[in-house]
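Model the following, please.
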Amino acid sequence: MKTLEQLTPQPLFSYFEEICQVPRPSKKEEKIRQYLLDFAKAHELEVVCDKIGNVVIKKPASKGMENAPTVILQTHMDMVCEKNSDKIFDFDNDAIEPLVVNGWVKANGTTLGADCGIGIAAQLAVLSSGELKHGPIECLITVDEETGLTGAFELDKNLLSGAVLLNLDSEDEGEIFIGCAGGIDSLATFTYQTEKPGKNTLALKVAVSGLLGGHSGDDIHKNRGNANKILNRILWNWNQKFRINLADFNGGNLRNAIAREAFAIITIATENKSQLLASFNEMSENLKEEFKFAEPKLKIDCEETTLPELLIDAATKDNLLHAIYACPHGVLEMSSRMEGMVETSTNLASVKFTDENKIVITTSQRSEIEGRKFFAAEMVESVFTLAGAQVKHGDGYPGWTPNPNSEVLKTTVQSYKKLFNVDPIVRSIHAGLECGLFLEKYPHLDMVSFGPSIRGAHSPDERLDIATTDKFWKHLIDVLENIK
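Coordinates of the predicted model:
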C-alpha cells in the first residue's frame, strides 16, 4: 500500500507520491520531464516542449465551458535537494520517502519536494479528471526555478495562449499573492596561497549543525541562525585571541536556503589548546543561550582531527573572517507599502573552498523595490571588495508588481470566501516567483498565486499540511469553474 493513497484529496496525493519517486534536482530534470511526457501520452493530451525544456500540457474545455478564457496553471518541475548530514541519499537516483506525521506529509531525512511537487500533482489531477468543469487549460511546468529561474528566463514567447495564469507555487493556504520580490545573486571569490602547518601545532574540526534553515525569502524574518555566521563568529574570536590558521571552511549549499550546517578545520599552537577549548565551551554555551528560542536544536562541536597538509595564507584567512563577520545577513528593511512584509533582505548562503585555491562565498539579495535590490547587492560587494575579493553579480530577476484591480484576483477572493466563509489575505510575498519574468514575455497576463501550507521549505524539515491541501484543491477547482 502506498503511503499517501488514503489521504484526501485523491488523486492529488497519489500523483504527488508518484512524483516523489522521480528524481528532479535543479538542472537535472530529464527524468521528471519524461514522466510528464509519458503522462500526457497516456491521457491523449497535447504536449509541447520548448528549447530550454519547459513542458506545456493542454486540455480542452469541459462541455459547456468552451467560451471560458484559457487558464494557465503554472508550477516548476525541479526541487531543492537538501538532506541531513547523517542521511545517505542520492538525489540523482533515489526516490523521496514520504511519511505521514501528525497531519503533515514530510520526508525521511531529506527535503520533501512539495515545493513545487504538490502544484504539479494538482495540475495532473486537473488534466486527468473527466468530471471537473473548466475552460481550456494549459499546464506550464518550468525547469530550474530553484537555482536560476532558467525556464522562466528562456520561456518561448509563442508557447502559451492563455490570458489568465494561476501560479501554484505558494506556501501559505488562506493567502493569495499578487506580487513578489525581485532578486539578484552575488558571488565573492578569494584567491589564496598555501602554507604548511608549523611545528608543535594540532588540528581541530569545528562544526555547527541542528539549525532550522529554511527558505531565504519566506523565513528570512524569523531570526533563524545562519550556520556560516555562527561558525565564523567563533573563528573570528579565536583568531583575535589565539591567531588560528585555517585549512577549510564549508557551510551552506543553496543560494535560496538559509545555511543549516557549517564546519571548519583549523590549526593552533599546541600550547594554546586548553585555553582555546575553555573559550569554546564558554562561547558554545553563550550561543545556545542566545538562540535558545529561535534555534533550540543548535549543536556546536569541536574535536581534534588529522593535521592538514596545507593551510590558506594568513592574510587571506584574516580577510575572509573579517568579511564574513561584516557581511550583512537577514532583513535589511521592512516594507513601507505593506505592513508586516519584508522589503529588502540578504542571505549569506554558502562558503566553499575549491580545488583551485579559491574560496567562493554566495549571497542572495531580494527586494520588492528594484533600486534597493541593487543597493543590497552593492553593500555586499563593498564588504568583500574591501577584503580583497573579486565580486560578480548575476543577472537577477524582476519582481512582480501587485495589481489590486485584477479580475482573476476578484474571482479567487470570492471563491475562497464562498467556500470557507472567511476572507483570504491578499498580499505580496518576499520570496521570488516566476511571475515577474512571465510578464516580460506575456505582458497581458492576469495572475495570482496560491497553494497549500508548506513549512520548512528548502530544508529536511519541509512538510506539507494535509488539511490545507484539501482546501487548496477545493479552491482551485472552484476558481477554474468560475473564471469568466
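
Okay, now the unreliable bits of the protein?
Applying pLDDT under 70 to the chain picks out residues 1.

longest strand anywhere in it?
Using DSSP state E to define each element, the chain has its longest strand at strand 342-353.

Can you show me the strands along the stretch 301-450 of the chain?
Taking DSSP state E, counting those that start in this stretch as the criterion, the stretch 301-450 of the chain carries its strands at 311-312, 330-334, 342-353, 358-367, 390-393, 425-429, 446-449.

between those strands, which gets nearest to Pro9?
Closest to Pro9 of the strands of the stretch 301-450 of the chain, according to C-beta to C-beta: strand 446-449, at 20.0 Å. The way it works is simple: take the backbone N, C-alpha and C, and place the C-beta from them, glycine included.

Tell me who's in contact with Val426.
By C-beta atoms under 8 Å, 6 or more residues apart in numbering, the contact set of Val426 is Glu175, Ile176, Phe177, Ile178, Pro404, Leu409, Val413.

same thing but 7 Å
Ile176, Ile178, Leu409, Val413 (C-beta atoms under 7 Å, 6 or more residues apart in numbering).

Against Leu320, how distant is it?
For Val426, the distance to Leu320 (C-beta to C-beta, to the nearest Å) stands at 44 Å.

which one of the contacts of Val426 sits closest to Glu295?
Ile176 (31.3 Å).

So that closest one belongs to a strand, correct?
Yes: the assignment for Ile176 is a strand, going by DSSP: H, G, I helix; E, B strand; the rest coil.

wait, it sits on Met447?
No: counting by C-beta atoms under 7 Å, Ile176 stays clear of Met447, with 10.8 Å between them.

How is Glu18 classified with respect to secondary structure?
Look at Glu18: counting by three-state DSSP, its state is helix.

Burial check on it, number of neighbours?
When neighbours are counted by other C-beta atoms under 10 Å, Glu18 registers 19.

need the contact list for it.
By C-beta under 7 Å, 6+ apart, Glu18 has no neighbours at all.

so how far is Gly330 from it?
Distance from Glu18 to Gly330, by C-beta to C-beta: 38 Å.

and Asp318, how many neighbours?
Counted with other C-beta under 10 Å, the neighbours of Asp318 add up to 16.

Not counting its neighbours along the chain, what's nearest it?
Leaving aside its chain neighbours, Asp318 sits nearest to Asn239 (7.0 Å; criterion: C-beta to C-beta, 6 or more residues apart in numbering).

hang on, the one you found in a helix?
Yes: looking at Asn239 with three-state DSSP, it is inside a helix.

I'd guessed it sits against Leu321; true?
Yes: Asn239 is within contact range of Leu321, at 5.6 Å (criterion: C-beta under 7 Å).

what's the burial count for Gly340?
Per other C-beta under 10 Å, the neighbour tally for Gly340 reads 8.

again, but for Phe242
Phe242 has 17 nearby residues by other C-beta under 10 Å.

Quick check: phi and psi on it?
Backbone torsions of Phe242, given as degrees, to the nearest 10, read phi -120, psi 0.

correct me, but it touches Leu276?
Yes: at 5.6 Å, Phe242 counts as touching Leu276 under the criterion of C-beta under 7 Å.

which neighbours do these two share?
Joint contacts of Phe242 and Leu276 (C-beta under 7 Å, 6+ apart) are Ile268.

what distance separates the helix or strand encompassing Lys474 from the middle of the whole chain?
If you go by DSSP states H and E, Lys474 is part of helix 466-482. Mean-position distance between helix 466-482 and its chain equals 24 Å (C-alpha atoms, centre = their mean, to the nearest Å).

try stretch 107-118
Computed by C-alpha atoms, centre = their mean, the separation of stretch 107-118 from the middle of its chain amounts to 12 Å.

Pull out the buried positions in that stretch.
For stretch 107-118, a neighbour-count test (16 or more other C-beta atoms under 10 Å) marks Ala107, Gly109, Thr110, Thr111, Leu112, Gly113, Ala114, Asp115, Cys116, Gly117, Ile118 as buried.

And stretch 415-434, what's buried?
For stretch 415-434, burial by neighbour count (16+ other C-beta under 10 Å) applies to Ser415, Tyr416, Pro424, Val426, Arg427, Ser428, Ile429, His430, Ala431, Gly432, Leu433, Glu434.

Including distance to Leu311, could these go into CSV?
Shown next, in CSV, are the buried residues of stretch 415-434 (distance: C-beta to C-beta, whole Å):
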residue, distance to Leu311
Ser415, 62
Tyr416, 59
Pro424, 56
Val426, 55
Arg427, 50
Ser428, 47
Ile429, 44
His430, 40
Ala431, 39
Gly432, 38
Leu433, 44
Glu434, 44
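
Touching, Leu433 and Glu171? I think so.
No: using C-beta under 7 Å, Leu433 is not in contact with Glu171, being 10.9 Å away.

okay, and the common contacts of the two?
Residues touching both Leu433 and Glu171 (C-beta under 7 Å, 6+ apart): there are none.

Fine by me, thanks again.
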